[in-house]
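1. Sharing a sequence plus its predicted fold:
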Amino acid sequence: MDTALVVPEVDATAWRLRIHGRGVARPVTLSFDELLRRDLIERDITLTCVSNEVGGPYVGNARWIGVRLADLTAVKKAGLVDTLNNAQNITVFAPTNDAFAKIPKSTLDKVLNDKAQLTKILTYHVVGQKLTPKDLENGSFDTLEKSKVTTSSSGESCTVNDSAKVVCGNVKTANAHVYIIDTVLMPTG
């Protein structure tokens, strides 16, 4: 094993984190300073090398300091991470990245920079009870945003508000049932 390691040097003024690619609806680029202005978390991690002969049976520990990619999302911007993580028995109609890509960039940017509007839209996707596929057959449910969503289903096909198709459903998490939808739901009024 080569122990003559050279620590890489990175120019922090030129460094950029770019989140992009397949499945990313809204690419994001952050400078090092922008990243450091976010809430950093620390975690102890264990590193193992499972696919490299050089690593062999070695295992090491490290302290990771950084920003979770999930924290760069709209839910974090709206201040809803703790609300959704701590809520019990909810249903989330979660739009796909492609659903967000359907929204014109200028409109999406405007919403992402308006916390009140962003919160209104995101809480409109959450119902305060766990809904089963049977519940979705012909339903009307109060959202956390304080208005209603309607659902209808027939066989394998299910829609929300007559516009969003459920592409994957009844995903169970510790506190919610999640239905992945192909369109972002917009509250009226």
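-> Noted; the coordinates are in hand.
2. can you tell me which residues contact the closest residue to residue 143 other than its chain neighbours?
-> The spatial neighbour of residue 143 that comes closest, neighbours along the chain excluded (Cβ to Cβ, 6 or more residues apart in numbering), is residue 124 at 5.1 Å. Just so you know, the C-beta spots here come from the backbone N, C-alpha and C atoms, and that holds for glycine as well. Shown in contact with residue 124 (Cβ atoms under 8 Å, 6 or more residues apart in numbering): 143-145, 147, 149, 185-187.
3. Which members of those residues are the farthest-apart pair?
-> Farthest apart among these by Cβ to Cβ are 144 and 186. That separation is 15.1 Å.
4. looking at this, residue 45 is in a strand?
-> Yes: applying DSSP: H, G, I helix; E, B strand; the rest coil, one finds residue 45 inside a strand.
5. dump the residue contacts of the closest residue to residue 150 other than its chain neighbours.
-> Closest residue in space to residue 150, ignoring its immediate chain neighbours: residue 140 at 5.0 Å, by Cβ to Cβ, 6+ apart. Residue 140 sits next to 148-151 when contact means Cβ under 8 Å, 6+ apart.
6. could I get these as CSV with secondary structure, distance to residue 80 and neighbour count?
-> Putting the contacts of residue 140 into CSV (DSSP: H, G, I helix; E, B strand; the rest coil; distance: Cβ to Cβ, whole Å; neighbours: other Cβ atoms under 10 Å) gives the following:
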residue, secondary structure, distance to residue 80, neighbour count
148, strand, 20, 15
149, strand, 17, 21
150, strand, 23, 13
151, strand, 22, 24
